[in-house]
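Peer 1: coordinates for the following, if possible.
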Amino acid sequence: MADRMLGEPLTRRDFTLAAAMAILSGVAISVSGCGGGGSSSSPASPSPASSTPAASDKTGTISSNHGHAATIASAQLGATGGITLNIQGTSSHPHTVALSAADLSAIAGNQRVAKESSNDASHSHTVTFN
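Peer 2: Coordinates of the predicted model:
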């Protein structure tokens, strides 16, 4: 982003990087790759690729990321049965991450939670929140 010329349009990549840096400056969230597993959960919820997360949402960091996005809406943090989070983002293929009610409670309490995504397109990612 530092090599952009003044007046040059902001690219999606630059915007995503700036948004991620802003989020990470206030809430440490990381996502890393390869793995699977999870627990019983509700239907997959979308993780919008182009919307900016609300301040009370929790955004995960994704290992070996290539366009995926992991955001838990603040309304989902209290889910009593857990959720399955869709992390496709702008990537050409999907992945999901299963989060139990205990995981959501820990994330809401700013505790670090790392989960493996589903294995799609012959790989998976580790998603880390807080």
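Peer 1: how much space between residue 84 and residue 71?
Peer 2: 14 Å (C-beta to C-beta, to the nearest Å). C-betas here are computed from N, CA, C, even on glycine.
Peer 1: neighbour count: those two, which is higher?
Peer 2: Between residue 84 and residue 71, residue 71 has the larger neighbour count (other C-beta atoms under 10 Å), namely 24 against 17.
Peer 1: and the helix or strand harbouring that one, what does it pack against?
Peer 2: For residue 71, the element it lies in under DSSP states H and E is strand 70-72. Packing contacts for strand 70-72, counted by 3 or more C-beta pairs under 8 Å, 6 or more residues apart in numbering; DSSP states H and E, involve strand 58-62, strand 83-86, strand 126-129.
Peer 1: and it, which strands flank it?
Peer 2: With DSSP bridges as the test, strand 70-72 is paired with strand 58-62 (antiparallel).
Peer 1: same for the host helix or strand of residue 97, what does it pack against?
Peer 2: Assessed by DSSP H and E, residue 97 sits inside strand 96-99. Applying 3+ C-beta pairs under 8 Å, 6+ apart, we find strand 96-99 packed against strand 83-86, strand 113-116.
Peer 1: which of those has the lowest mean pLDDT?
Peer 2: Of all the helices and strands packed on strand 96-99, the minimum mean pLDDT falls on strand 83-86 (a mean of 92).
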